[in-house]
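**Q** sequence plus the predicted model coming up.
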Amino acid sequence: MSRIYSFFLFACGFPFVHGWAAEPADWIWSARFVITENAQRRVIENGAVAIRADRIVGVGARAGIDARFQAKQRLDRPDAILAPGLINTHTHAAMSLFRGIADDLKLQDWLEKYIFPAEAKNVSAEFVRWGTRLGCLEMLLGGTTTFTDMYYFEDVVAEVAKEAGMRGVLGETIIGFPVADNKTPAAALEFTERYLTRFRDDPLVVAAVAPHALYTNSDETLKASRALANRYHAPLIIHLSETKKENDDALAQRHMTPTQVLDSLGVLTGRTVAAHCVWVNDGDMAILKARGVGVAHCPSSNMKLASGVAPVVRMLALDLAVGLGPDGPAGSNNDFNMFEEMDLAAKLQKVTTMDPQALPASVALEMATIRGARALGLEKEIGSLEDGKRADMMMVRIDRPNAVPLYDAISQMVYALKAEDVRDVMVNGKVVVRDARILTLNAPQILQKAAEYRAKIAASLK
């Protein structure tokens with residue numbers, strides 16, 4: 001460093017470390033433990049993370065980060081764990097307004113007798129706007145920084161995600177019957193192309209194509225959806241082998257599993273996120289592995305609907321990119337709680353394999369962070385606290401009765417801590433939750449609107 005440059009930096013107020021000017025940062029966040037989820041799965045006691053603009057620029061021991069960086073602002077939480085933001089790989093955010101509308105039913109009964117009729121009577125762009133606001137409010141307060149969505153009026157979902165300051169992989173639903181935003185699959189494909197164009201290269205929104213499922217679309221529509229996604233280098237999101245009925249119907253009608261059918265149509269050739277994958281066999285998993293398909297495992301939903309237990313241990317043995325998702329908050333699961341999904345993902349595999357080591361806490365957390373990022377094709381950008389990655393992270397308090405004593409930070413995250421323990425959240429370098437209070441959304445207004453929609457929806461079902 002030249003003497004002239006050194007003098008200039010000193011005159012501008014930059015401190016020096018061993019003869020070098022400290023690097024500027026916008027934020028330093030420090031905590032009792034920093035869970036990085038990097039390749040070494042490093043956990044740093046008394047650690048810190050430095051952020052400049054929307055990126056992480058330093059991760060390490062607090063003393064080292066403090067010596068290396070001069071931050072404009074800092075957040076010190078000696079009674080917290082600092083961890084990557086949680087990644088929800090499958091949900092239907094606007095369905096928050098249908099929360100609890102019909103419970104304890106089989107999937108087909110729930111869809112055909114309750115949800116599809118309720119959607120036909122109530123879903124509009126404004127319904128989606130307020131339902132997504134409610135969903136984003138709950139997700140951000142619970143430490144979820146990225147959500148993967150499939151619904152109608154997905155351009156409105158994207159607008160709300162940006163308003164909330166939340167990252168989203170957001171898929172416009174394409175389905176084989178008239179729905180609120182498009183009356184035909186052809187119209188839906190045209191709508192989706194406009195949507196993909198509008199949000200191309202957005203810093204928060206990854207626009208996606210979302211054919212609902214094999215059983216709700218024609219082969220032609222499925223192939224057109226894949227072609228559209230590939231043309232725009234966009235992900236394709238689809239429900240796959242969620243129920244035994246779906247699997248049995250495909251075998252009876254086509255003599256192939258749903259995975260084999262989709263693969264024969266070329267639907268899995270390209271960036272794909274397949275939700276559920278409960279009824280998949282070894283051959284199906286080999287196809288998913290070969291095609292690089294990300295899997296969204298939804299333990300709460302699959303349990304509540306009695307859909308079955310996905311063979312997650314076998315998927316992980318193949319190193320499939322398996323993430324976690326709560327699914328929709330109506331009959332399939334009534335919240336967006338990713339802490340609950342981590343806990344249940346681990347316990348469900350243990351009890352069904354009769355092996356307490358089948359899916360350890362470390363793997364459950366991985367599924368909610370870096371492996372979930374892999375499922376979305378975003379592992380180079382999010383999912384861990386590492387230099388150069390997007391600054392998506394959360395502080396989780398460890399000073400409450402359910403959090404003490406603490407012997408292992410990762411075990412505590414999965415089995416003891418709750419969504420309500422999240423205190424601060426940052427997405428893309430911007431603080432969106434501070435002291436458990438949302439900074440980007442009008443929470444009282446959202447709750448009031450939810451009450452108004454509840455009355456309207458209840459009246460429509462009489």
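**A** That came through fine. Numbering: from 1, shown residues only.
**Q** checking my notes, Arg200 in a strand, right?
**A** No. Counting by DSSP: H, G, I helix; E, B strand; the rest coil, Arg200 is located in no strand; its state is coil.
**Q** touching, it and Ala208? I think so.
**A** No. The criterion here is Cβ atoms under 8 Å, and Arg200 misses it with Ala208 at 11.9 Å. Yep, even glycine has a C-beta here, placed from its N, CA and C like the rest.
**Q** neighbour count winner among those two?
**A** Between Arg200 and Ala208, counting by other Cβ atoms under 10 Å, Ala208 is the more crowded of the two (28 against 13).
**Q** can you pull out the strands in the stretch 1-150 of the chain?
**A** With DSSP state E, counting those that start in this stretch as the criterion, the stretch 1-150 of the chain has strands at 16-17, 20-21, 23-35, 43-52, 55-61, 69-84, 86-91, 144-151.
**Q** quick check: domain ranges of the protein?
**A** Domain assignment for the chain, taken from automatic domain parsing, gives 17-84+393-427, 86-376.
**Q** pick the most buried one from the ones you listed.
**A** Greatest average neighbour count among the domains of the chain goes to domain 86-376 (a mean of 21), per mean count of other Cβ atoms under 10 Å.
**Q** measure it end to end?
**A** According to Cα to Cα, to the nearest Å, domain 86-376 extends 13 Å from its N-terminal end residue to its C-terminal end residue.
**Q** now do that domain, average pLDDT.
**A** Averaged across domain 86-376, the pLDDT comes to 96.
**Q** quick check: which element contains Ser411?
**A** Assessed by DSSP states H and E, Ser411 sits inside helix 409-415.
**Q** dump the residue contacts of the most centrally placed residue in the chain.
**A** Using Cα atoms, centre = their mean, the residue of the chain that lies closest to the mean C-alpha position is Asn88, 1.9 Å off. Contacts of Asn88 were listed using Cβ atoms under 8 Å, 6 or more residues apart in numbering, and they are 139, 144, 146-148, 324-326, 336, 338, 372.
**Q** with Thr197 instead?
**A** Neighbours of Thr197 in contact, by Cβ under 8 Å, 6+ apart: Tyr232.
**Q** so it, which state does it fall into?
**A** Criterion first, three-state DSSP; result for Thr197: helix.
**Q** coming back round to it: and of the contacts of Asn88, the nearest to Arg99?
**A** Using Cβ to Cβ, the shortest approach to Arg99 within the contacts of Asn88 belongs to Phe336, at 10.0 Å.
**Q** and that closest one, what helix or strand is that in?
**A** Element membership of Phe336, judged by DSSP H and E, is empty: it is in no helix or strand.
**Q** pretty sure it contacts Thr148?
**A** No. Using Cβ under 8 Å, Phe336 makes no contact with Thr148, being 11.7 Å away.
**Q** overlap in contacts, these two.
**A** With contacts taken as Cβ under 8 Å, 6+ apart, the residues that reach both Phe336 and Thr148 are 88, 91.
**Q** rewinding a little: just put the domains of the chain in TSV and tack on distance to Lys456.
**A** Listed next are the domains of the chain as TSV, based on distance: least, Cβ to Cβ, whole Å:
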stretch	distance to Lys456
domain 17-84+393-427	28
domain 86-376	7
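**Q** which ones are touching Ile438?
**A** Ile438 makes contacts with 137, 140-141, 432, as judged by Cβ under 8 Å, 6+ apart.
**Q** would you list the strands of the stretch 1-150 of the chain in a markdown table and tack on distance to Asp387?
**A** Formatted as a markdown table, the strands of the stretch 1-150 of the chain follow (distance: least, Cβ to Cβ, whole Å):
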| stretch | distance to Asp387 |
| --- | --- |
| strand 16-17 | 18 |
| strand 20-21 | 18 |
| strand 23-35 | 12 |
| strand 43-52 | 9 |
| strand 55-61 | 6 |
| strand 69-84 | 12 |
| strand 86-91 | 19 |
| strand 144-151 | 18 |
